[in-house]
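Engineer: this one's sequence-less:
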């Protein structure tokens, strides 16, 4: 069973926008924090940001703060990553993941989606 599934990736020009979605199975309900990560070829997996399912407060990496916004729709068990003012360096595979507590460390996450490719052309 797929517990987390991302969608919405694609190719966009620099300065453009994309919105990624992360549909979460109800089996992940006990995981109270949904994080977004990205990984570019040859680089470490990087924390982008996350959201608390209860209350909706968010965290962001410095590299995306002010450009990316994370939101949730609990009725749909879906978390969104709105990405604006995209830069070529944002090119990566983007993953959503579920954790029991807020964390920026990928090793603390219990469940992962399969990832979606985001490519930003210059």
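Structural biologist: Okay, I see it. What you see is a predicted model, and the numbers here were worked out from it, not measured in a lab.

Engineer: for the spatially most central residue of the chain, list the residues it contacts.
Structural biologist: Nearest to the geometric centre of the chain sits residue 36, at 2.6 Å (CA atoms, centre = their mean). Neighbour list for residue 36: 20, 22, 47-50, 70, 79, 81, 94-97 [criterion: CB atoms under 8 Å, 6 or more residues apart in numbering]. Any C-beta I mention is one placed from the backbone N, CA and C, and that applies to glycine too.

Engineer: burial of the closest residue to it other than its chain neighbours, as a residue count?
Structural biologist: Once flanking residues are discounted, residue 36 sits nearest to residue 48: 4.2 Å by CB to CB, 6 or more residues apart in numbering. As a burial measure, residue 48 scores 25 neighbours (other CB atoms under 10 Å).

Engineer: what separation do you get for residue 48 and residue 97?
Structural biologist: 11 Å (CB to CB, to the nearest Å).

Engineer: tell me what the closest residue in space to residue 43 that isn't next to it in sequence is bridged to.
Structural biologist: Excluding the flanking residues, the one nearest residue 43 by CB to CB, 6+ apart is residue 92, at 7.8 Å. Beta-bridge partners for residue 92, by DSSP bridges, are residue 118.

Engineer: residue 92 contacts residue 39, correct?
Structural biologist: Yes. Using CB atoms under 8 Å, residue 92 is in contact with residue 39, at 5.6 Å.

Engineer: the two: which is more packed in?
Structural biologist: A count of neighbours by other CB under 10 Å puts residue 92 above the other of residue 92 and residue 39, at 22 against 15.

Engineer: so for that one, what pLDDT did the model give?
Structural biologist: The score at residue 92 is 98. That number is its pLDDT.

Engineer: circling back: quick check: neighbours shared by residue 48 and residue 97?
Structural biologist: 35, 36, 37.

Engineer: what is the nearest of the residues you listed to residue 110?
Structural biologist: Among the shared contacts of residue 48 and residue 97, residue 35 lies closest to residue 110 (CB to CB), at 10.8 Å.

Engineer: residues of the helix or strand containing that closest one that come out buried?
Structural biologist: According to DSSP states H and E, residue 35 maps onto strand 33-39. Residues 33, 34, 35, 36, 37, 38 are the ones in strand 33-39 that count as buried (16 or more other CB atoms under 10 Å).
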